[in-house]
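Q: here is a sequence together with a model predicted from it:
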Amino acid sequence: MAAKKLTTMSLIVLAMMTLHAAQVRAIDELNIGVKEGMGTCIKRCAIACIPILAPPRIAACAALCILACKLTPPTVVMDCTTGCTNSVIDTYKPTDVEKVNNIVGSCYKTCKHNNL
């Protein structure tokens, strides 16, 4: 059981680092404001996602959480992004954190375009 928790924590840290890099790029590219510091957001998201033991779900949880606290999209866009992400993960069953991050990003762009 301790090995699973260690693996889970390692994956969360990896996901957070990947998401942090993507988030910084997105903020720079989109020239958007942020409402809180990255550290606060990462801590909150890590705590929320720790109970999930499936690596793709951990990455998706973290990506969606960070998206919500950093970009604060409208509820309709966030709900659409969450549904889209879960559907694609269920269909393709990705095993790489970066693939999950790309899925969340793609779903967000599509949902934002279709709902704003």
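A: Good, I have the coordinates. Just so it is clear, the model here is predicted, and its values are computed rather than measured.
Q: could you list the alpha-carbon positions for stretch 99-112 in CSV?
A: C-alpha atoms of stretch 99-112 as CSV (Å, rounded to 0.1, in the frame of the first residue of the first chain):
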residue,chain,number,x,y,z
LYS,A,99,-1.3,13.0,-23.2
VAL,A,100,-3.8,13.7,-20.5
ASN,A,101,-2.7,17.3,-20.2
ASN,A,102,-3.1,17.6,-24.0
ILE,A,103,-6.6,16.1,-23.8
VAL,A,104,-7.6,18.6,-21.1
GLY,A,105,-6.1,21.5,-23.2
SER,A,106,-7.9,20.3,-26.4
CYS,A,107,-11.2,19.9,-24.6
TYR,A,108,-10.9,23.3,-23.0
LYS,A,109,-10.1,25.1,-26.3
THR,A,110,-13.1,23.3,-28.0
CYS,A,111,-15.5,24.1,-25.1
LYS,A,112,-14.3,27.7,-24.8
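Q: by mean pLDDT, which helix or strand of the protein comes out lowest?
A: Every helix and strand in the chain was compared by mean pLDDT, DSSP states H and E; the lowest is helix 2-30, with a mean of 59.
Q: so what's residue 104 closest to, chain neighbours aside?
A: residue 63 (4.0 Å; Cβ to Cβ, 6 or more residues apart in numbering). Yep, even glycine has a C-beta here, placed from its N, CA and C like the rest.
Q: can you pull out the helices in the chain?
A: 2-30, 38-49, 55-71, 75-92, 97-115 (DSSP state H).
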